[in-house]
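> Here is a sequence together with a model predicted from it:
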Amino acid sequence: MAETPIRLGILGYGEISRRLSKLSKAIALVPNATLVAIGSRRIHKAAGITSADGFPSWVKMYESYEAVLDDPDVDAVYVLFRPSCSRNGRWRPRKKKHVLLEKPVAPDVVELDRVLAACEASGVQFMDGTLWMHHPRTPEMKEFISDTQRFGQLKSIHCCFTYYANPEFLENDFRLKPDLDGLGALGDCGWYCIRAILWAADHQLPNSVTALPGSLFNNAGVILSCGASLDWADGKVATFHCSVLSNLTMEITATGTKGTLQLHDFVIPFKHDTASYSTASESCLEDPSTGWKARPSEHSVANDLPQEALMIREFVGLVAGIKRDGKEPNNKWPAMTRKTQLVLDAVKASIERGCEAVEVGS
């Protein structure tokens, strides 16, 4: 007998037309998930999208977020709010609704801790929307950098996520509005870089971070471009650069004592059904330095669903375990989120202090 699907609601915000269609299609690809409700302050716009894009006819359209949270037919919500909406109290976990929260999840770790505490008190699953963590390429790469024979000890991680925003985006996008987001490129692109660095470092927090010189801001003081270095007590280091002013780039290079991992599309793979990465072990130059020995090798990983659907499948699977089998929420996901936020907060503080080194909190 087929299991009853987990019923999802979406709490929309901002560019709802662009996001809802993509999310609805992803949810439809997951057999144990179904979209049942949408809450938006732009409900007239959302209603038009429902008709135009073939949303299920049973989806309920609400003019408030509270109505979705109060709906007994909703098991879990995907929250598209920006960080400022969390701070001003427009949303809090309640009514035993499990939470998939768009990143960046909060303006700072103080507010995030309020959200996580509310989820823990309610016994609900929390997860943030960092898509690439759910691609099958990610655990395969992790296996390589955890292999002491092929990769050795991790020594450095370098990460870059940039894209070139047009003038309209720079002027009007909510990510660059201090009253809607406030974290700018650091929250949008830097979040992914920080998560990638922590992922490679087994989620061990660095001792300190130092912003790199040259951060750029818009007229409202929101970050358009920045970078930072991260340092650990054992000697490993990391750097990242994030920007909305440079050509589209999504790079990770992780270097160990014996090997190197590289990929060029870590946030969104080049192809929807496969993703690649390269590895090299015990690389050296030929004698007399005419070329390489042990050249990097390319690896390809197939995926049966796009990243959005893979994330939703993981999330609703955890929700089903709690709802039907009495399992406890999986704490690894909120722990990852909190560590990412801690580093992001430290980078922001270092920028504000003129590139001083800032210790990472706990």
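Good, I have the coordinates.
> what's near enough to touch V360?
L205, P206, N207, S208, V209, L342, V343, A346 (CB atoms under 8 Å, 6 or more residues apart in numbering). From N, CA and C alone the C-beta is placed, and that goes for glycine too.
> can you tell me which residues contact the first one?
Meaning L205. Contacts for L205 were tallied using CB under 8 Å, 6+ apart; they are L198, K339, L342, V343, V360, S362.
> May I have the secondary structure class of R150?
Following DSSP: H, G, I helix; E, B strand; the rest coil, the label given to R150 is coil.
> I'd like the distance between it and N218.
44 Å (CB to CB, to the nearest Å).
> picking up where we left off before, which of the contacts of V360 fall in helices?
L342, V343, A346 (DSSP state H).
> what about the second one, neighbour count?
By the measure other CB atoms under 10 Å, the count of residues near V343 is 27.
> thinking it is in contact with S208, fair?
No: checked against CB atoms under 8 Å, the pair V343 and S208 is beyond contact range at 10.2 Å.
> which residues are common contacts for the two?
Common neighbours of V343 and S208 are listed as L230, V360 (criterion: CB under 8 Å, 6+ apart).
> which regions of this structure lie under the pLDDT threshold?
1-2, 13-19, 42-55, 82-94 (pLDDT under 70).
> Try it again at 90.
Low-confidence segments of the chain (pLDDT under 90): 1-4, 11-25, 38-59, 61-66, 79-96, 102, 172-182, 284-295, 361-362.
> before we move on, the earlier item: any chance of the contacts of L205 in CSV with distance to F315 as columns?
Formatted as CSV, those follow (distance: CB to CB, whole Å):
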residue, distance to F315
L198, 20
K339, 19
L342, 23
V343, 23
V360, 28
S362, 27
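> and of the residues you listed, the nearest to R324?
Set against R324, the nearest of the contacts of L205 by CB to CB is K339 (29.8 Å).
> tell me the contacts of that closest one?
By CB under 8 Å, 6+ apart, K339 lies in contact with L198, H203, L205.
> Where does it sit, in terms of helix or strand?
K339 is part of helix 332-352, with elements assigned from DSSP states H and E.
> swap in G361?
Going by DSSP H and E, G361 is not in any helix or strand.
> what's the answer for I194, then?
helix 191-200.
> in that helix, what's buried?
Neighbour-count burial for helix 191-200, counted by 16 or more other CB atoms under 10 Å, picks out W191, Y192, C193, I194, R195, A196, I197, L198, W199, A200.
> what's the answer for stretch 266-282, then?
For stretch 266-282, burial by neighbour count (16+ other CB under 10 Å) applies to F266, V267, I268, P269, A275, Y277, T279, A280, S281.
> Next: stretch 238-257.
Using 16+ other CB under 10 Å as the test for burial, stretch 238-257 gives 238-244, 246, 249-256.
> Take those and keep only those in strands.
238-243, 246, 249-256 (DSSP state E).
> residues making contact with stretch 310-317?
Residues from elsewhere that reach stretch 310-317, judged by CB under 8 Å, 6+ apart: 5-6, 8, 26-27, 30, 32-33, 76, 78, 98, 100, 125, 127, 129, 131, 133-136, 303, 305.
> Produce a PyMOL select command limited to the buried residues of the residues you listed.
Typed into PyMOL, the line below selects the buried ones among the contacts of stretch 310-317, using 16+ other CB under 10 Å:
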select buried, resi 5+6+8+26+27+30+33+76+78+98+100+125+127+129+131+133+134+135+303+305
